[in-house]
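>>> coordinates only, sequence not included:
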C-alpha cells in the first residue's frame, strides 16, 4: 500500500488479557519501528527491525512485550497479561535502509485501552 | 540519554506571526528530524538535517543545527491556523544504533486565527 497500515485502530481489552497489534510497512522498506505514546507525552522507543539483522529490543519495557517481523513485511507487537499502564497509542513506522530526506513514515497508530 | 528536549512546551501565537521551537540533545548525532502530530495520532515528517549541515529550508520551515551547542531550532514563518499541532524533534544516532530515532516530549503550538 501507499502508507503504513496499523490494525486495529482502537482496542479495548481487560486487564490480564493478551493483545496483538499489527503493522504493515510500506513495501520495500527494510526498517520497521515500534513506539509507544502515552497521553500528552513524547514517543517512547520500543523496538527496531532492520532487514535480517537482530532487532534492537532495548526499548521493550518488560518481558510481557515482544515483537516479531517476518522478513521485510508485517510485524506484530504482542503484549501479554496487559496492565492499565499499558494504555497508550502504539505507533509503527517504516523507512528505507538508507537515510533519505524523507525520514520515517508513521502509521496512524493503535489506541490501546486496558480496563 | 540522547533524547531531544523541546522548548517551549507550549506556544500560542496569532496567525501571521512566526513560531520558533528549540531542541537540545546530549550526545553526538547522525541527523536530527522534526515531525508534526495532529490529534495525537500518526506523525508526519517535516524536515531532516544531517550532522554536517547547519541550516535547511522547506517552504515556510527553516531548521538550524548547532552541533557545538547540541541544539536545533525549527522556525515556522507566517503561521496559519492549520499549523496548530504538536511538534517533535527526533535525534538519529550513528554507529551501531544507526536508524534509531529518539523523540523529545514535543511543543504544542496553537495558532489563533
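Yes, it's here. Given the structure is predicted, the values throughout are model-derived calculations rather than measurements.

>>> Beta-bridge partners for the residue of chain B found nearest chain A, please?
In chain B, the residue that lies nearest chain A is residue B:45 (3.6 Å; C-beta to the nearest C-beta). From N, CA and C alone the C-beta is placed, and that goes for glycine too. Beta-bridge pairing of residue B:45 under DSSP bridges involves residue B:35.

>>> low-confidence ranges in chain B?
Scanning chain B for pLDDT under 70 picks out B:1-3, B:40, B:95-99.

>>> which SS class is whatever residue of chain A ends up closest to chain B?
When distances are taken as C-beta to the nearest C-beta, chain A reaches nearest to chain B at residue A:103, 3.6 Å away. Here residue A:103 is recorded as coil under DSSP: H, G, I helix; E, B strand; the rest coil.

>>> Disregarding residues adjacent in the polypeptide, which is nearest to residue B:92?
What sits nearest to residue B:92 in space, not counting adjacent residues and going by C-beta to C-beta, 6 or more residues apart in numbering or on different chains, is residue B:31, at 4.1 Å.

>>> try residue B:60
Nearest one to residue B:60, counting by C-beta to C-beta, 6+ apart, is residue B:77 at 4.8 Å.

>>> Spit out the contact partners of that neighbour.
Applying C-beta atoms under 8 Å, 6 or more residues apart in numbering or on different chains, one finds that residue B:77 lies in contact with B:18, B:60-62.

>>> Would you write out the PyMOL command that picks the buried residues out of those?
Typed into PyMOL, the line below selects the buried ones among these, using 16 or more other C-beta atoms under 10 Å in any protein chain shown:
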select buried, chain B and resi 61+62
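
>>> among the contacts of residue B:77, which two are most distant?
Using C-beta to C-beta, the contacts of residue B:77 reach their maximum pairwise distance at B:18 and B:61, which is 11.0 Å.
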